[in-house]
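Asker: okay, here's the prediction I keep looking at, along with the sequence it came from:
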Amino acid sequence: MALPSNSAATSSSGLDPMVPQPFRIERVKTETDDTFTLELAPMNHDERFSFLPGQFNMLYVFGVGEVPISISSDPGTLPVLRHTTRMVGAVTKAMGRLKRGDVIGIRGPFGGNWPVDEAPGRDFVIIAGGIGLAPLRPALYRLMAQRENYRKIVLLYGTRTPDDILFRTELERWRGKFDLDIQVTVDRGTSAWRGNVGVVTTLIGRSPFDPRNTIALACGPEVMMRFAVAELQRRGVSSDRIYVSMERNMKCAVGFCGHCQYGPTFICKDGPVFRFDRIEPIFNKAEI
Amino acid sequence: MIETLEPIIREHPFFKGMDDRYIKFIVGCAKNKRYDAGDVIAREGEPADKFYLIREGMIALELMIPNRGFTTLETLSDGEIVGWSWLLPPYQWRFGVRTVRPTRVLAFDGKCVRSKCEEDHDLGYEVLRRFACVTAERLQAARLQLLDLYGASV
Amino acid sequence: MSAARLQAGETAVVEAAHLDHLFQALTKKGYAVVGPTVREGAIVYDRVNSAAELPAGWTDEQNGGTYRLKRRGDNALFGYAVGPHSWKKFLHPPEQKLWQAERGADGFTIFQEKQVHPKYAFLGVRSCELHAIAIQDKVFLQGQFVDSVYQSRREDVFLIAINCGQAGGTCFCVSMKTGPKASAGYDLAMTEILQDGRHHFVVEAGTERGAEILSELPREAAAQADVQAAENVVADTARHMGRTLDTAGIKELLYNNYEHPRWDEVATRCLTCANCTMVCPTCFCTTVEDVTDLSGDHAERWRKWDSCFTMDFSYIHGGSVRSSTKSRYRQWLTHKLATWIDQFGSSGCVGCGRCITWCPVAIDITEEVRAIRGEPGGANNSGRKEHD
């Protein structure tokens, strides 16, 4: 997996990879009752931050701690940088209380990327569960930017309830403008909801993509990805054309702390995006 | 009309591999039907004598919960089979069935298929096997829904 | 006495009584000498200022969960195996401040911690330990990122190896092909000879700067008999290993046995105390702690040793991925002997035996591997009890 040569985190740029760089919050957007998006800009104006879809940063809240969060913005509209985060622990909750003008520290980008620049002529099936849509959004932007290179692009997106749907306006715009087949489903409907109800894996069986020509990207809770992969395989998509984004405890993001090990891989360096055949032997094993 | 339904049924993954004579029999039990959005196809508790193959549209399986109203458990769409309540006693719908959008279906006379299955156990096996697969898939999907994977603790 | 300047690769004989000259030569060059010394019933690594502080006349008796110092019949200075410390204590410190940050009017400013440490000379590095240092070099210096803390400490270290004159009760460097003879990576390598009333060291210069230091010491030219005596010592040590571990196909063995019943069995004994990871010379896992003072204006980031045996290690989203003892023990052993090979190109184990000695319940890595291979010789090699 090639890493970007202009990564802000490499020692070649002279920056120690354990030292965060200050970024200012330009905008805070509330997405749902527990999810928000920060729009960030580097305070050091020489900073040329760049990333590939699928990569993540370590976000540092002063005095509280640091967490790995996938980048959720369009690589084509840099220097705008966005992170969509769900409040699940101390750091993300503290982050959720920050306002425009506040400063956070960023180390990164780290990790590998979704294979959205390597496969002209393919169909893409993108399966997102919950907050998993955020790390996939840069991939979608990238695909939309080269729409003519691909045939069918399908987004299957499952979330908890209609109120938890992320990036609603954007999805509708893409559906209209770019010939992107979007199916949204919720685990639990509301009386006003007139769309699909059921887990996202049920959308895979019904989706009209050609398994022999498809690249599938999946991101969401691990259980959801397990069943999504099983469905894709049942449809005939081979393991070397399925990509998943894995997650483990992470402390350093540079391969030294050992926490993110997943079998023989370090999720910070060898992932978080994995071609499925490479982790297939351990994917369904418990407590690896 | 029977001629136009046969290829649809024969080609459908659900019926694939079924013996010719059984296909012909099934075709004889099938009828095209069309519903508007919001039509009730079946009510929870009513006698179940039919099953459906969705040709185009969306159907919701629902339960009536007094303080919540009609609550959708799951939606099904193009190509999917609806209804197994006709196959197993007490032959009553375990859930309500309502269209979400204008929907075209093939409606099958379940009572007729049931009695033929009693006579011909080979047909019975073919039918039960296929419905077992459908219910297994629905069960798995329901289990995943139960896990509330996107909920607060995950 | 030889006076000519030595070159790398040359060997000389230095009397044990003259060993203080080594300390003086190193100190003159600005090195802080760290070596073995007796403390609280164990031989540990700490600053040593003279030969008098070395564990003369001491040996250790080691076995599963057992470590005792015993008096020797002679005055050997290095007549023991390895203790609970390893050199990672100095190269990869247990606690390290990475930076501090001050909150200001417009965000915060980070001040990276300057690396302040002495220039070390490690005296008495065993061959297994040289391999362990090389393994950590691979992790910290030869990957995509470089660990600046390790790099700073490792750069100037002067390594004086000792070829083991005595195999430890839990040693298996022969199985892991990491000793007992020091083969590379040292500035000086010494073999202690006590024979016919004589007590001296056969010293080989491994590098130019090693030769430079050796040239400062009172010495005799090494005769063929001296070199032979040194080789005999090492050969004898190799014949007395306390343990063996068959490494043939070990990666595939462990990759194919994630569900072996032995994991359940060892989990009934393992306390997840993390001793093994603390004493292991190659274990490198750390955690990062972000702390702040009461005012909230001053924050620090610290890095501290951590262990895959803790519940917190694999914590995400409200739970630990590896919550069972079984999964944590399996992770440690599989990493050490198998996935390490795919990650870093060599085994993570150097056969020093520390994990066996310092495990409070005497879990033996060599026995666990034997059980997973399905070989007899363990007390219980299948694990799961059969129920009728």
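Answerer: The structure has been received and is ready for your questions. Numbering: from 1, shown residues only, chains lettered A, B, ... in the order given.
Asker: show me the contacts for the residue nearest the centre of chain B.
Answerer: For chain B, the residue nearest the mean C-alpha position is residue B:82 (1.6 Å; C-alpha atoms, centre = their mean). Counting by C-beta atoms under 8 Å, 6 or more residues apart in numbering or on different chains, residue B:82 touches B:41, B:51-54, B:59, B:61, B:76, B:97, B:105. Using the backbone N, CA and C atoms, a C-beta is placed for each residue, glycine as well.
Asker: tell me the two of those residues that are most distant?
Answerer: The most widely separated members of the contacts of residue B:82, counting by C-beta to C-beta, are B:53 and B:61 (15.1 Å).
Asker: what residues are up against residue A:284?
Answerer: Residues in contact with residue A:284 (C-beta under 8 Å, 6+ apart) are residue A:226.
Asker: do the same with residue C:75
Answerer: Contacts for residue C:75 (C-beta under 8 Å, 6+ apart) come out as C:16, C:56-57, C:194, C:199.
Asker: for residue C:11, same thing?
Answerer: When contacts are counted by C-beta under 8 Å, 6+ apart, residue C:11 touches C:202-205, C:222, C:226-227.
Asker: among the residues you listed, name the buried ones.
Answerer: Burial by neighbour count, 16 or more other C-beta atoms under 10 Å in any protein chain shown: within these this picks out C:202-205, C:222, C:226.
Asker: in helices, which of those fall?
Answerer: If you go by DSSP state H, the buried ones among the contacts of residue C:11 have residue C:226 in helices.
Asker: list the buried residues in the helix or strand of chain B with the lowest mean pLDDT.
Answerer: Counting by mean pLDDT, DSSP states H and E, the weakest-scoring helix or strand in chain B turns out to be helix B:2-11, with a mean of 83. For helix B:2-11, the neighbour count (16+ other C-beta under 10 Å) marks B:5, B:9 as buried.
Asker: got any ranges where chain C has weak pLDDT?
Answerer: Low-confidence segments of chain C (pLDDT under 70): C:1-3, C:376-388.
Asker: now the helices for it?
Answerer: Using DSSP H, helices in chain C cover C:19-28, C:88-91, C:127-141, C:148-155, C:173-176, C:208-215, C:224-238, C:250-255, C:261-267, C:275-279, C:325-334, C:340-344, C:354-357, C:365-373.
Asker: could I get these as a markdown table with distance to residue A:74?
Answerer: Listed next are the helices of chain C as a markdown table, based on distance: least, C-beta to C-beta, whole Å:
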| stretch | distance to residue A:74 |
| --- | --- |
| helix C:19-28 | 59 |
| helix C:88-91 | 44 |
| helix C:127-141 | 36 |
| helix C:148-155 | 34 |
| helix C:173-176 | 51 |
| helix C:208-215 | 55 |
| helix C:224-238 | 63 |
| helix C:250-255 | 40 |
| helix C:261-267 | 46 |
| helix C:275-279 | 43 |
| helix C:325-334 | 38 |
| helix C:340-344 | 34 |
| helix C:354-357 | 50 |
| helix C:365-373 | 50 |
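Asker: which one of the ones you listed lies closest to residue C:100?
Answerer: Per C-beta to C-beta, nearest to residue C:100 of the helices of chain C: helix C:148-155, 14.9 Å.
Asker: residues from chain C in reach of chain B?
Answerer: Neighbours of chain B within chain C, by C-beta under 8 Å from any C-beta of the partner chain: C:317-318.
Asker: just to revisit the earlier point, could I get the buried ones among the contacts of residue C:11 as a markdown table with distance to chain A?
Answerer: Output for the buried ones among the contacts of residue C:11, formatted as a markdown table (distance: C-beta to the nearest C-beta, whole Å):
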| residue | distance to chain A |
| --- | --- |
| C:202 | 39 |
| C:203 | 35 |
| C:204 | 34 |
| C:205 | 33 |
| C:222 | 42 |
| C:226 | 44 |
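Asker: which one of the buried ones among the contacts of residue C:11 is nearest chain B?
Answerer: residue C:204 (59.8 Å; C-beta to the nearest C-beta).
Asker: just confirm that closest one contacts residue C:183, I think it does.
Answerer: No - if you go by C-beta atoms under 8 Å, residue C:204 and residue C:183 don't touch, sitting 10.9 Å apart.
Asker: so the residue nearest to residue A:30 when sequence neighbours are not counted: helix, strand or coil?
Answerer: Among residues not flanking residue A:30 along the chain, residue A:36 sits closest, at 5.4 Å (C-beta to C-beta, 6 or more residues apart in numbering or on different chains). Using DSSP: H, G, I helix; E, B strand; the rest coil, the structure places residue A:36 in strand.
Asker: any idea what residue A:36 is bridged to?
Answerer: Beta bridges link residue A:36 to residue A:30, residue A:85, judged by DSSP bridges.
Asker: cool, residue A:158 as well?
Answerer: Counting by DSSP bridges, residue A:158 forms beta bridges with residue A:129, residue A:185.
Asker: what sits against it?
Answerer: By C-beta under 8 Å, 6+ apart, the neighbours of residue A:158 are A:128-130, A:184-187, A:199-201, A:203, A:220, A:224, B:150.
Asker: near chain A, which residues of chain B?
Answerer: Proximity of chain B to chain A, by C-beta under 8 Å from any C-beta, involves residues B:58, B:60, B:69-75, B:77-80, B:100-101, B:137, B:140-141, B:144-145, B:147-152, B:154.
Asker: what residues does residue 61 make contact with?
Answerer: Let's take chain A. A:91, A:94-95, A:98, A:104-105.
Asker: not quite, go with chain C.
Answerer: So, once contact is read as C-beta under 8 Å, 6+ apart, residue C:61 ends up touching C:67-70, C:169.
Asker: turn the residues you listed into JSON lines, including neighbour count.
Answerer: Output for the contacts of residue C:61, formatted as JSON lines (neighbours: other C-beta atoms under 10 Å in any protein chain shown):
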{"residue": "C:67", "neighbour count": "20"}
{"residue": "C:68", "neighbour count": "12"}
{"residue": "C:69", "neighbour count": "16"}
{"residue": "C:70", "neighbour count": "10"}
{"residue": "C:169", "neighbour count": "21"}
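Asker: now the two most distant members of these.
Answerer: C:69 and C:169 (12.7 Å).
Asker: overlap in contacts of these two?
Answerer: Listed as contacting both residue C:69 and residue C:169 by C-beta under 8 Å, 6+ apart are C:60-61.
Asker: hmm, which of the contacts of residue A:158 are the buried ones?
Answerer: Neighbour-count burial (16+ other C-beta under 10 Å) is assigned, among the contacts of residue A:158, to A:128-130, A:184-187, A:199-201, A:203, A:220, A:224, B:150.
Asker: re the thing from before, the buried ones among the contacts of residue C:11: which two are farthest apart?
Answerer: The most widely separated members of the buried ones among the contacts of residue C:11, counting by C-beta to C-beta, are C:205 and C:226 (14.7 Å).
Asker: grab the nearest non-local neighbour of the residue nearest to the centre of chain B.
Answerer: Using C-beta to C-beta, 6+ apart and skipping residues adjacent in sequence, the residue nearest residue B:82 is residue B:52, 4.3 Å away.
Asker: also residue A:23?
Answerer: residue A:40 (4.3 Å).
Asker: again, but for residue C:334
Answerer: Excluding its sequence neighbours, the residue lying closest to residue C:334 (C-beta to C-beta, 6+ apart) is residue C:254, at 4.9 Å.
Asker: still on that earlier bit, which of the contacts of residue B:82 count as buried?
Answerer: B:41, B:51-54, B:59, B:61, B:76, B:97, B:105.
Asker: format these as CSV; extra columns: pLDDT and distance to residue A:150.
Answerer: Below are the buried ones among the contacts of residue B:82 laid out as CSV (pLDDT from 0 to 100; distance: C-beta to C-beta, whole Å):
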residue, pLDDT, distance to residue A:150
B:41, 97, 38
B:51, 97, 39
B:52, 97, 35
B:53, 97, 32
B:54, 97, 29
B:59, 97, 32
B:61, 96, 35
B:76, 97, 29
B:97, 97, 38
B:105, 97, 34
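Asker: quick one on the thing from earlier: contacts only, for the residue nearest to residue C:334.
Answerer: The neighbourhood of residue C:254, defined by C-beta under 8 Å, 6+ apart, consists of C:333-334, C:337-338, C:372.
Asker: at 10 Å instead, please
Answerer: Listed by C-beta atoms under 10 Å, 6 or more residues apart in numbering or on different chains, the contact set of residue C:254 reads C:260, C:330, C:333-339, C:341, C:369, C:372.
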